[in-house]
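> Turn this into a model:
(chains A, B, C and D)
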Amino acid sequence: MFLKEYFGSIFSSIKSLLTGMKLTGYYFTHHNKIITEEYPDNRAALKMPERFRGEVIMPHDEKNEHQCTGCQSCELSCPNGSIKIITKQEIQPDGKKKKRIDTWVYHLDMCTMCGMCVEACPTTAILMGNEFEHSQYEKKYLKKVLNKPGSRLKDGVE
Amino acid sequence: MKTLLSYSFSSLATHMHNWLKNVITNDLLLTVTELVIIGVCLLVFLILLAFFLGYMERKVAAFMELRLGPNRVGPKGTLQIVADTVKLLFKEGFTPDAADKFLFNLAPGIIITTALLAVAPIAYAKGFQLWDINIGVLYISSVSSMAVIGILMAGWSSSNKYSLIGAMRCGAQIVSYELSIGLSLISIVVLTGSLSLNDIVESQANGWWIFKGHIPVLISFVIFVVASTAEINRAPFDLVEADQELTGGFNTEYAGMKFAMFLMAEYINLFVVSAVAATIFLGGWMPFHIGGLTGFNHIMDYIPSSIWFFSKTLFIIFIIMQFRWTFPRLRIDQLLNLEWKYLLPISMVNVLLVTLMAIMGWHF
Amino acid sequence: MLLGEEDHFNEEGEFVINIGPQHPSTHGVLRLKVWLDGETIKKVEPHLGYIHRSIEKMSESFSYRQFGYITSRMDYLSAHMNNQACALVVEKALQVEVPARAQVIRIILCELSRLSSHLLWFASAGLDLGGVTPFFYAFREREAINSIMEETCGARLTQNFMVPGGIITDLQPDFQKRIKEVLKQFKDNYHEYNEILIGNVIFQNRMKDVGVLTREDAIALGCTGPVARASGLSCDIRKHYPYDGYEKIQFDEVILTGGDSWARCEVRMAEMLQSVHIIEQLIDNIPEGDIVAKTKNVIKLPKGEFYQRVETARGELGVYIVSDGGSTPYRCKYRSPNFSNLMAIPHISKGHKIGDLIAIMATIDLIIPDIDR
Amino acid sequence: MCEIHKLKMTNEELKNSFAQIFPAVTFDETGEFLTAFIPSEALLPVMKELRSKKELYFDYLFCLTCVDWKDHLMMVYFLNSKTHNHTIVVKAKITDTINPKIESVYDIWKTAELNEDEIFDLFGVNFLNHPNLRRIFLEDDWVGYPLRKNYVDEHMIEL
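Numbering: from 1, shown residues only, chains lettered A, B, ... in the order given. This next block holds a predicted model:
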């Protein structure tokens, strides 16, 4: 009885070990199943999903116009304080003074890519971009100004 | 019948000897010079071998794990291991403050020396053997068990608690598994009647022991492979290092060149045990023959003996690597149970069976 | 307290080692102080706080829309469930009805992340025991799940997809197709997990009769999730206190009575299949409609106290909000599953070997940021 | 399952049973769970009764926390019975905010050990008879108790 158990355990153990070796042996000989990618080499083919949240961007159209009214709801909704909007008073052609953005400061180093600013934006002036390679040698490069120099608010956006 | 490669090796050695004899007249100096030349050649060979095995292990692991493996340095990543070696060379070889500095620095040397000593009696090809000692099997089993001294030394002198536990595990593990290795080697010694590796290879001229010796020899082959995996501390028996438990075990505190020596010793040991297994069970450099098929046997004979030897060795190395990349690690008490409850009793009974077989002449 | 302030041996001749804070198998910066007698563990004392970010304190300054996002960083493998708990507690306080479509999508994504979390457990359990290869097999499927998360939610781990009232955006068009592909891939490869690790005799011997947690101890220690269910304790929040429409779904609560590491493994392996089963029920029946219920721009909770629990991949996550009627929580407490499960380690690892401690840690499956919060 | 539901107590029954243990208790039923208020001195005997009494049998302490109400600290114990599946919240008021202390419930529920450590660390409540009271998250020499409302962080960076 003891011997039967003893040898039975040996055989079942060897069987389970051989099952595992069969699997690794199978994958050793089937190189087409390889799942890893050679990352920087596949950059051309690498396409991030459209919704991927990599950074906050502010799209400008060909006339260098953005849609940000400077309402600061993104600044309020940001949990980390990574957005700072500096506004200025701009004199309109009709002589009225209006609040416009001066600089839209984005601290990428503090951003957690939660996307709440984009959710809060009433004019869809900002979006989440797909760029994810943000490494820089110095922290100061991570502080970005999103509105381009000389850009202005698109007409009709309030 | 002499194959090309083995012929050229022995004749090369003879030419060399004759040439040196003309240049150097002093007998002692001649011997020393020849030893130095052989030593340098051997070292270069072993370093290259360690490089190759390191590369092979990475690729084997990678393919089993659905990865590409090294692919950046050199074509197909072949120079990766060179890059790693260069990195290790330039790394600071620091010694911990609380360490026993003499022993700490001595330990890698001892480990690599024991690894190198075991290389001596291996027959690489027909007529190509560094040292045809008549007690080759005994020599190898005794030298390889000396590795425990180096590991204990490294673990104790590091003054690191993890290292100490690793070293203590090593003591228990290597001492236990020596027994099974010895017994499984004895079963072939019994069949051959000689301790010389050369004789053992010669005895397999008409068939390798693994085919001739029925199931008992197969069992001792399996036991030898398992026990020698444990002897050289490779997964699943790598409790001495046990990255996930002891963060590296005995070599936790080592870095740079000293660590590289441990790594090299590991690969040399891997080569040695595989070579011994190939020599003893798979016929060493003997070609594969099937009785009766003369034509087939002739074709087999034309394959150089060194190729036979290295392909058999590589096969066993591959098996041992596959163990490592397939199985999880054992626990220390299970490791000892495996030896004392399973491998040792089985190999003892097995030696009896083999002896009976040898006396009655039941083998082919 | 400095590391290594004790000598190698204390006065009783015990050997004291620190496992962590930097150790390969603590899965983070947990430090276990272990008193050893040879290889045998006499006592374990956890030391925490290496990744303490005071999420509870931070939540006190966040609005009710913001405070959920940071919980993705607690148990980062159950980010959806954590966000869901925060969304649910606000919904409970405001008595908002979540649209049916949002509920179903929530469940699908939660079960998907439970599946991916258990896959990561499988991967790291193999790794902890020295088998590196299972890691990659599990990550193959996990990668596919993460891609879906990336395509749908915009991030792989810290999704921040569930907001008070529903979900943040609608699904992407080929969501159902992608999920079906992943489920097929998972089911096709499920047998490999058994072949490479679960069925392996070494793995089974390492796991069986190791770290036995009895039912009584599981209750007393406050263990939840697969750890408690392996001890025979029925504690699935999805069954006992259903939320988001779990009451309408057919699934089994996996309960085993072994209580050892092996039972914990089996519970998780079975729960993977249950998650697949849940997703399969729902994937073709996602109702049309709104994805988010209307809530005010600035959410203010009524004065009072609210407690909401969800079943994350590791157990019961409770969110306790004390509101003083303002727009930020007055006090926010997360009853995290790992914090309670951690207590099981000192309790059950006594008398085992160091290797067993690693196996126990692997099967308790701790996420350290969730412990420290 | 049927048996569990049969034994599950309603809020009224729970109130009655609780009042038998500790008559001076006050209740609040506005929240999700029945909440019982007891003075902090009476905590330990009441809790022991809650745990051991057959028909109550609160064996599962699933959440243990503290709330700082500026003039007092409120310990909150969420209790559940795994046998009967009823839940109660016990609140104990600590009026002394300078040097708050309360009995540890470690003897009754083992899960309290780390939870009480956490509360000691972040609220500064001293737990009497706790086996190993220590700061688990913060450093041993940390000044102040961060989750108190009057805690001022000198290292805070204004954005």
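
> Please report how far the residue most central in space within chain B lies from C:Gly289.
Chain B has B:Val272 as the residue nearest its centroid, 1.8 Å off, counting by CA atoms, centre = their mean. Remark: distance between B:Val272 and C:Gly289 (CB to CB, to the nearest Å) = 71 Å. C-beta: built from backbone N, CA, C; applies to glycine.

> Spell out, range by range, the strands that occur in chain C.
Here chain C has its strands, by DSSP state E, at C:15-19, C:31-37, C:40-47, C:162-163, C:166-167, C:304-312, C:315-323, C:331-335.

> which secondary structure element contains D:Asp117?
Assigned by DSSP states H and E, D:Asp117 falls within helix D:112-123.

> Report the mean confidence score over that helix.
Computed over helix D:112-123, the mean pLDDT rounds to 87.

> who touches it?
Outside helix D:112-123, the residues that touch it by CB atoms under 8 Å, 6 or more residues apart in numbering or on different chains are C:46, C:56, C:339-340, C:342-343, D:61, D:64-66, D:68, D:73, D:75, D:100, D:104-106, D:125-127, D:130-138, D:145-148.

> now for the strands of chain C, which one comes closest to A:Lys139?
strand C:31-37 (30.0 Å; CB to CB).

> does the most centrally placed residue in chain D count as helix, strand or coil?
The centroid of chain D falls nearest to D:Tyr77 when counting by CA atoms, centre = their mean (2.9 Å). Of the three states, D:Tyr77 takes strand under DSSP: H, G, I helix; E, B strand; the rest coil.

> Tell me the spacing between it and C:Ile219.
15 Å.

> In chain A, which helix is the longest?
Counting residues, the longest helix in chain A under DSSP state H turns out to be helix A:2-29.

> Which helix or strand contains the residue of the stretch 101-250 of chain B found nearest chain A?
The minimum distance from the stretch 101-250 of chain B to chain A, using CB to the nearest CB, falls at B:Val222 (8.6 Å). For B:Val222, the host element (DSSP H and E) is helix B:214-231.

> so what does that helix touch, helix or strand wise?
helix B:161-192, helix B:209-212, helix B:256-281, helix B:305-326, helix B:344-360 (3 or more CB pairs under 8 Å, 6 or more residues apart in numbering or on different chains; DSSP states H and E).

> hmm, 10 Å instead?
Counting contacts by 3 or more CB pairs under 10 Å, 6 or more residues apart in numbering or on different chains; DSSP states H and E, helix B:214-231 packs against helix B:136-144, helix B:161-192, helix B:209-212, helix B:256-281, helix B:305-326, helix B:344-360.

> Now that helix: buried residues?
B:214, B:216-217, B:219-231 (16 or more other CB atoms under 10 Å in any protein chain shown).

> just stretch C:165-184 next, same as before
C:165-168, C:171, C:175, C:178-179, C:182-183.

> okay, these in JSON lines with distance to B:Val137 and pLDDT next?
Shown next, in JSON lines, are the buried residues of stretch C:165-184 (distance: CB to CB, whole Å; pLDDT from 0 to 100):
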{"residue": "C:Gly165", "distance to B:Val137": "78", "pLDDT": "84"}
{"residue": "C:Gly166", "distance to B:Val137": "75", "pLDDT": "83"}
{"residue": "C:Ile167", "distance to B:Val137": "71", "pLDDT": "86"}
{"residue": "C:Ile168", "distance to B:Val137": "72", "pLDDT": "84"}
{"residue": "C:Leu171", "distance to B:Val137": "69", "pLDDT": "85"}
{"residue": "C:Phe175", "distance to B:Val137": "66", "pLDDT": "87"}
{"residue": "C:Arg178", "distance to B:Val137": "61", "pLDDT": "88"}
{"residue": "C:Ile179", "distance to B:Val137": "61", "pLDDT": "89"}
{"residue": "C:Val182", "distance to B:Val137": "56", "pLDDT": "89"}
{"residue": "C:Leu183", "distance to B:Val137": "57", "pLDDT": "90"}
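
> and those as JSON lines, adding distance to chain D?
Output for the buried residues of stretch C:165-184, formatted as JSON lines (distance: CB to the nearest CB, whole Å):
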{"residue": "C:Gly165", "distance to chain D": "20"}
{"residue": "C:Gly166", "distance to chain D": "22"}
{"residue": "C:Ile167", "distance to chain D": "24"}
{"residue": "C:Ile168", "distance to chain D": "25"}
{"residue": "C:Leu171", "distance to chain D": "32"}
{"residue": "C:Phe175", "distance to chain D": "34"}
{"residue": "C:Arg178", "distance to chain D": "37"}
{"residue": "C:Ile179", "distance to chain D": "33"}
{"residue": "C:Val182", "distance to chain D": "34"}
{"residue": "C:Leu183", "distance to chain D": "31"}
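
> could you list every residue that touches B:Lys59?
B:Lys59 sits next to A:28, B:67-71, B:76-78, B:80, B:321 when contact means CB atoms under 10 Å, 6 or more residues apart in numbering or on different chains.

> Let me fix that, I meant to ask about D:Phe58.
D:14, D:47, D:49-52, D:77-84, D:86-88, D:90, D:108-109.

> And what about it, helix, strand or coil?
Assignment for D:Phe58 (three-state DSSP): coil.

> Quick check: closest non-adjacent residue to it.
D:Leu79 (3.9 Å; CB to CB, 6 or more residues apart in numbering or on different chains).

> before we move on, what about B:Val272?
Nearest non-adjacent residue to B:Val272, counting by CB to CB, 6+ apart: B:Ala118, 4.6 Å away.
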